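In: Let me see the structure of the following:
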Amino acid sequence: MGTTGPRSFDPVVVGNRETDAWAAYYLHDWRRFLVASVGLVAAAFGMSWRRTLLGAWYVLRANQVWAPYPDNEPDAARTYMRRFYELVIQEGGLALDPAQAAWLEVEWWRIHRDGPAEQLEDALIDLYAYAYGAERDAIRPAARKRVEAMDLSDRWVKGGCQRDDPLLAGERQALVASYAALRKAVEVRPGHP
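Out: Purely as a prediction, here's the structure:
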């Protein structure tokens, strides 16, 4: 495929690694989460290995402080995600304000957890439109598929988090489809900015 980066990632690799990260998150298997996060950050952002490892650590820490319910720490989660987005900027992957990107990231986490569910798609669109400078209508299919993946994940969690549950395979398919739609919406084509 060529160079990997925030606009040229492989949707299958990124979707698979995010599925692994989500499963590890809900199982509170933080070692597996970190391994999946390293792979996810590497595949999705194409940063140097040092920044990839540090970024994956920040993502892990953000998720760990977010995970306890109801006593999570959203401000700490935003701080870790801000640090993550600072690394993305240093690598030259996206032009954004890391604090705003972190706020948008943790906001969709909040809406997913606390609702209202009908706002989740718009929260994802807000993040994608901001991070990639993309048109809202162009990225709506990616957000819609990601919401579908979250619904399947939530059902998988309620069903007992069994690794052989077909819901996990459905989640994986929905995340791959989400990233395929996102890449189509944001990839840089020759002759275009």
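In: in what helix or strand does Ala21 lie?
Out: helix 11-27 (DSSP states H and E).
In: If you could redo that for Ala95, that was the one I meant.
Out: Counting by DSSP H and E, Ala95 is found in no helix or strand.
In: surely it meets Ile89?
Out: Yes: with contact defined as Cβ atoms under 8 Å, Ala95 and Ile89 form a contacting pair (7.3 Å). Yep, even glycine has a C-beta here, placed from its N, CA and C like the rest.
In: Those two: which has the busier surroundings?
Out: Ile89 (14 against 10; other Cβ atoms under 10 Å).
In: Give the closest residue to the more buried one in space, chain neighbours not counted.
Out: In this structure, Ile89 finds its nearest non-sequential neighbour in Pro98, 6.2 Å apart by Cβ to Cβ, 6 or more residues apart in numbering.
In: My read is that that neighbour contacts Arg78, right?
Out: No: in this structure Pro98 lies outside contact range of Arg78 using Cβ under 8 Å: 10.0 Å.
In: Have a look at these two and say which one is more surrounded.
Out: Using other Cβ under 10 Å as the criterion, Pro98 and Arg78 rank with Arg78 on top: 23 against 19.
In: So the more buried one sits against Val106, correct?
Out: Yes: with contact defined as Cβ under 8 Å, Arg78 counts as touching Val106 (4.9 Å).
In: Are there residues contacting both of the two? Which ones?
Out: Residues touching both Arg78 and Val106 by Cβ atoms under 8 Å, 6 or more residues apart in numbering: Ala62.
In: Counting neighbours, what do you get for Val41?
Out: Neighbours of Val41 (other Cβ under 10 Å): 26.
In: per-residue confidence at the residue lying closest to Trp66 once chain neighbours are set aside?
Out: Counting by Cβ to Cβ, 6+ apart, Trp66 lies nearest to Ala77, which is 4.3 Å off, once chain neighbours are set aside. Ala77 is assigned a predicted lDDT (pLDDT) of 98.
In: again with the one 3 residues further on
Out: As predicted, Tyr80 sits at a pLDDT of 98.
In: That's all I had, so thanks and see you.
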